[in-house]
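Colleague: Structural data only, the sequence is not supplied:
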């Protein structure tokens, strides 16, 4: 196979989980989001939280999809933004944990109500609200678990969903705090 044939091979897209440490100030999130929208990259999930109020830092967890080259471009462009201190690709760095929270309202009647409670129990969902015609369940876990729960509930009645987005963290004893300390020391 020639080099020209190798260049024409399409690479499959993969889902990647990135964490970005930024200044916790107005406009930081807008700059990060602007990078994605301005270049036509899609964000599958986004969460933001303050992680260090002394240094005024926040962590943005982003789930995106793209080829290896596209993801490398995203990481490179993110690292050049002014409020960004650190960009990590948790998918490549090794084992990591990702979880999200969902609130799912199910409007149903009759035997479908009993089935909704049975499914919720199986998924270890917490019942937050009960009326004669609806339930609101709280569920945490991996996105595919929440997707499965939602798909089952759709078959039982009308549903409404609110999801937090993926929160992610590397496994093991290494922390971002050590990395951040090196950056600021």
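Modeller: Structure's in. What do you need? The structure presented is a predicted model; accordingly, all values stated were derived computationally and were not measured. Residues are numbered from 1 along each chain as shown.

Colleague: Kindly provide the distance from the residue positioned nearest the centre of the chain to residue 102.
Modeller: Note on the chain: the residue nearest the mean C-alpha position is residue 166, at 2.6 Å, using CA atoms, centre = their mean. Look at residue 166 and residue 102: by CB to CB, to the nearest Å, they are 11 Å apart. No exception for glycine: its C-beta is placed from N, CA and C like everyone else's.

Colleague: same question, residue 31
Modeller: 28 Å.

Colleague: what do you get for residue 41?
Modeller: Taking CB to CB as the measure, residue 41 falls 24 Å from residue 102.

Colleague: Also residue 148?
Modeller: Separation of residue 148 from residue 102 (CB to CB): 11 Å.

Colleague: More neighbours: which of the two?
Modeller: Using other CB atoms under 10 Å, the more surrounded residue of residue 148 and residue 102 is residue 102, with 21 against 14.

Colleague: what mean pLDDT would you report for the helix or strand hosting the more buried one?
Modeller: Here residue 102, judged by DSSP states H and E, is contained in strand 96-107. Mean pLDDT, computed over strand 96-107, is 96.

Colleague: again, but for stretch 146-159
Modeller: 97.

Colleague: can you list contacts of the helix or strand hosting residue 139?
Modeller: For residue 139, the element it lies in under DSSP H and E is strand 134-141. Strand 134-141 is contacted from outside by 99-108, 113, 116-117, 120, 123-130, 145-146, 149, 153, using CB atoms under 8 Å, 6 or more residues apart in numbering.

Colleague: go with 6 Å
Modeller: For strand 134-141, the external contacting residues (CB atoms under 6 Å, 6 or more residues apart in numbering) are 99, 101-107, 116, 120, 123, 125-129, 146, 149.
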